Every structure is written in C-alpha cells, then in structure tokens.
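> no sequence on hand, only this structure:
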C-alpha cells in the first residue's frame, strides 16, 4: 500500500485522534486470507478495554432476516463495510453480475430476494450478541470477487462500534482478504501486449520490451523513517497516549516498544498516535516497527520506575484532599484518606486507565484490595487502556496474596489484553525464571493453578466434542 502523501488523518485509521470519545481499539482476526463468495470466513472481534455487555449487528449486515427489537442495557451497535486494499478511502459495492448470482442463489433456497448492491458483506449471526467478555465471533461472507474491481491485493473489512448515543467509540479493520474464483477453469486466449511507443523496422524487440518494463514497473514503497517519540518518557504501567514522529507511515505498521506491540489510535504519513504498552522492565527500550527495517537508527523510549507513592497521589486526586498527613504505612494512609471522604468515585483512573485496585494489586496491598472490593465489586472486572485488569497487575508483580484475593472475588484468568491473559503472563514468567535458573513457583496461588487446570480441561473437552 502506498503511504499517504498528505498530513491529514486517514479516514480508516483505527481511531480518530480528534474525537475524544473514541478511546478503544478493535482487534480483528480472520481465519483465512483467501476465500470465495460461497465460503464463510470466521472473523473474531476483540474490544480492548471493553465495558459493554451486548453487541447489536445492523440488520442490513445479516445474511438471514432475524429481528430482535429487545433493547438491552449497555449495548454497542456494530457497523461494517468493505474497502479495496489499493484504495482504502473508497467503499466497495457488489457488481451487477454478482447481484444476479445472489438473486438466483436466494431463489434456489426460497429466500426473499433483495437486490441491493450494498449487501457485499453478510454476517451469519444473531442480531444481538453476548459481548460481556469483549469478544464476538462472526461468520462472514463477502459476495463479490476482487477481480471484478481490479483489486490484486484483497478486500479489507472496516468495523465501527457506536454507543447508545450514536457516538463512535472504537474502530478497526481486518487484514486483506482475497476473494477469488480460481477454483473455476477458464479457457481464454493469451493476452497480447502492445507498446505505447511506435515500432519502426529498425527498432529491436528488446528495446520495445525495455519500454514496456518501464511503463508497467510497480510503484516503489519507501521504508518508514522514525525520528522521535513524544513524550519520550512514560509510566511502566503503560496506557498513556504517545506520538511517533517520522515519514512514510501507513496504516499497516505495528509499533513495537522493545518486544511489545502498541495499539494504534490514528496515523498520518508523518505521525502515528498509539497507546503505550506496559514495560517489561524500567529503563530505555528501542522503538521500531514490526517486520520493518528502518532507514535510521532506532529511537529510545524511557520507562520510568513506578513508586508506591503514586497510589496515594491517585487517592488524593479522587477524594480532593490535598493536606493529608502521612503515617508510617502508605497502605493505611490510603484507606484512611478514603474513609475520611465520602464524595468520591472509586473507578476514577490514572492517565493510563488504571484504578486504585490496579495499583493496590501491583504493590500487593491486600488490606486496601479488600477495602476497595467491599465498596465496589465492579473494580475487579475493569481494564485499563491496554486491556489489563487488576489480576494482570498482580501477576506481573508476582503478588500472590493479591492474586488470591482477586480470584476469590471473581477475577478472570482468561481475560485478554495487549500482553495476553493472566495465564499467559504467569506462563511467561515461569519460562523466564527457568531460563535464569530460578525454578521457584511458590508465588503462584493454588487457587490460580486449580482454576487454570479447570479452564484447560474444559477447553480440551470442548475440542474433543468438536
């Protein structure tokens, strides 16, 4: 894909930076990169930092007419459309030939005939999908061939989610999908090549071929140049918005902070806005793009080490009390501060989206964890801007008591984030400890082990049934 030549934001960027309501990203995974018009593709949508329970699919996108007028609380509305990879600013509609084919297909199956060129994208699902886990699986069919639109790379599906007020809160897109009919056999005459240059008798054929090679040479895509990151320092917890500055950016670049991917919020040819991933360790890390070679040296980003005083700062911000006298125990200070004030909201967050429960789990403050959960159980399920819950934070710091308390109150070991589930984090830490000759695993609570074993066994039974 050609990089954008202007500095304006691309309308298909995952999140529009100028819209403060758009603060989530949709991760789109597809089972195939090649398909036919008759074949369904399994598309998985994951919403990072999900806070909604239901996902409603627009009626025009349903392959079967299923009407569910029931209004659910806390629901999102899904919109989707198809674009060509070579021209992502232009929506693709079904050609007339494919409209006729779909009409015959509907007649054979004795279904209502809908002659609509906009029905190039169909989902075989219910109009209302359970979205409490932040994930939805859609069986998807694209009803027109790429070659009918002279598209040589493939179609992309762009998704938008709106809240009950009609405001777009998240967008994302799939990787290119080539919809082809190469299973059919065609008998066509060999293509003749003509030169746009006159061919006098004294000009050799090799000279004409050289001219043709120049005419049909594919465009050159320059390697991205990464100049700097603003700001160049940030919290090791991640979640803050950072801007990568350079040249030659396009929508398929994946920023990497050392070995961790960052969620892209929006981009232009010279800027890329993303969410800072959590640090593997404090200190400087290399910033690059996944599977890309840069034309310049890699710039550095500095992760600051997290002090436990940050939890007191957040508590003072929440309560509005600034003149609190500190004692010998910071954990008790926070509990006392919250007890003295009644006018506060416990789900208030840091710039990275972390709540007091996130920070209490990180520092293994079990008394504060129990205090917070007793007043607001929903804190257990809240995720920061990278999708991390309080249990993720407890696992990252090997805070065994915090992990055990959170699990007893319903924390999920399979909740997905930008760095994986709590089970993934524990597995990674164990592998790393074995590598450096530290095989102790006493920090993992037995409750965590039992729940992970049960989760694994249930998935194995489900796979065996299939």
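Good, I have the coordinates. Source: prediction; values computed, not measured.
> mind listing the helices in this structure by residue range?
In the chain, the helices defined using DSSP state H lie at 96-108, 205-215, 309-319, 330-340, 356-362, 366-375, 390-396, 400-408, 422-435, 446-465.
> worst average pLDDT in these?
For these, mean pLDDT drops lowest on helix 205-215, to a mean of 39.
> quick one on the thing from earlier: ok, which of the helices of the chain comes nearest residue 35?
Of all these, helix 96-108 sits nearest to residue 35, with 14.0 Å by C-beta to C-beta. (Each C-beta comes from the backbone N, C-alpha and C, glycine too.)
> any idea how far the closest residue to residue 26 other than its chain neighbours lies from residue 448?
Leaving aside its sequence neighbours, residue 26 sits nearest to residue 172 (C-beta to C-beta, 6 or more residues apart in numbering; 3.1 Å). The gap separating residue 172 from residue 448 is 31 Å, by C-beta to C-beta, to the nearest Å.
> next up, the contacts around the residue nearest to residue 26.
Residue 172 makes contact with 14, 25-28, 45, 158-159, according to C-beta atoms under 8 Å, 6 or more residues apart in numbering.
> for residue 318, state which of those residues is nearest.
Nearest member of these to residue 318, counting by C-beta to C-beta, is residue 25, at 26.5 Å.
> can you get me a residue count around the closest residue in space to that closest one that isn't next to it in sequence?
Of all residues not flanking residue 25 in the chain, residue 263 sits nearest, at 4.7 Å (C-beta to C-beta, 6+ apart). Neighbour count for residue 263, taken as other C-beta atoms under 10 Å: 25.
> residue 263 touches residue 276, doesn't it?
No - applying C-beta atoms under 8 Å as the test, residue 263 and residue 276 come out as separate, 9.2 Å apart.
> which residues are in contact with each of the two?
What both residue 263 and residue 276 touch, as defined by C-beta under 8 Å, 6+ apart, is an empty set.
> can you pull the contacts of the residue nearest to residue 25?
Applying C-beta under 8 Å, 6+ apart to residue 263 gives the contacts 14, 25, 48, 274-275, 277, 385-386, 418.
> circling back: any idea how far residue 146 is from the residue nearest to residue 26?
For residue 172 relative to residue 146 (C-beta to C-beta), the value is 21 Å.
> also residue 155?
From residue 155 over to residue 146 the distance is 6 Å, taken as C-beta to C-beta.
> likewise for residue 118?
18 Å.
> next: residue 164.
36 Å.
> again, but for residue 368
56 Å.
> from the contacts of residue 263, which two are the most distant?
14 and 277, at 15.3 Å, using C-beta to C-beta across the contacts of residue 263.
> residue 70: neighbour count?
Other residues near residue 70 number 10, with proximity taken as other C-beta under 10 Å.
> swap in residue 419?
If we define neighbours as other C-beta under 10 Å, then residue 419 has 19 of them.
> does it touch residue 262 like I think?
No - with contacts counted by C-beta under 8 Å, residue 419 stays clear of residue 262, the gap being 11.1 Å.
> which residues are in contact with each of the two?
Joint contacts of residue 419 and residue 262 (C-beta under 8 Å, 6+ apart) are residue 277.
> can you select the buried ones among the contacts of residue 263 for me in ChimeraX?
Burial among these is assessed by 16 or more other C-beta atoms under 10 Å; the matching ChimeraX selection reads:
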select :14,25,48,274,275,277,385,386,418
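> so for residue 155 and residue 146, which residues contact both of them?
84, 178-179.
> which of those has the largest number of neighbours?
That'd be residue 179 among those, by other C-beta under 10 Å, with 24 neighbours.
> list the residues that contact it.
Per C-beta under 8 Å, 6+ apart, neighbours of residue 179: 35-37, 142, 144-146, 154-155.
> repeat that for residue 388.
238, 278, 354, 358, 417-419.
> out of those residues, who's nearest residue 392?
Among these, and counting by C-beta to C-beta, the member closest to residue 392 is residue 417, at 5.8 Å.
> so that closest one touches residue 383, yeah?
Yes - applying C-beta under 8 Å, one finds residue 417 in contact with residue 383, separated by 6.8 Å.
> give the residues shared as contacts by the two.
Joint contacts of residue 417 and residue 383 (C-beta under 8 Å, 6+ apart) are 48, 389.
> give me the number of residues near residue 163?
Residue 163 - counted by other C-beta under 10 Å - has 16 other residues nearby.
> doesn't residue 74 make contact with it?
No - Residue 163 is not in contact with residue 74 according to C-beta under 8 Å; the separation is 9.3 Å.
> overlap in contacts of those two?
Common neighbours of residue 163 and residue 74 (C-beta under 8 Å, 6+ apart) are residue 52.
> strands along the stretch 201-350 of the chain, start to end?
Remark: strands assigned in the stretch 201-350 of the chain by DSSP state E, counting those that start in this stretch are 225-230, 233-235, 241-247, 255-257, 260-261, 263-267, 271-275, 283-289, 300-304.
> any chance of those in CSV, plus mean pLDDT?
CSV is the format used below for these (pLDDT from 0 to 100):
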stretch, mean pLDDT
strand 225-230, 89
strand 233-235, 93
strand 241-247, 92
strand 255-257, 93
strand 260-261, 92
strand 263-267, 88
strand 271-275, 92
strand 283-289, 91
strand 300-304, 92
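> nearest to residue 54, of those strands?
Set against residue 54 and scored by C-beta to C-beta, the strands of the stretch 201-350 of the chain come closest in strand 263-267, at 23.3 Å.
> relative to that closest one, what are the paired strands and their orientations?
Using DSSP bridges, strand 263-267 pairs in its sheet with strand 271-275 (antiparallel).
> many thanks, we can stop here.
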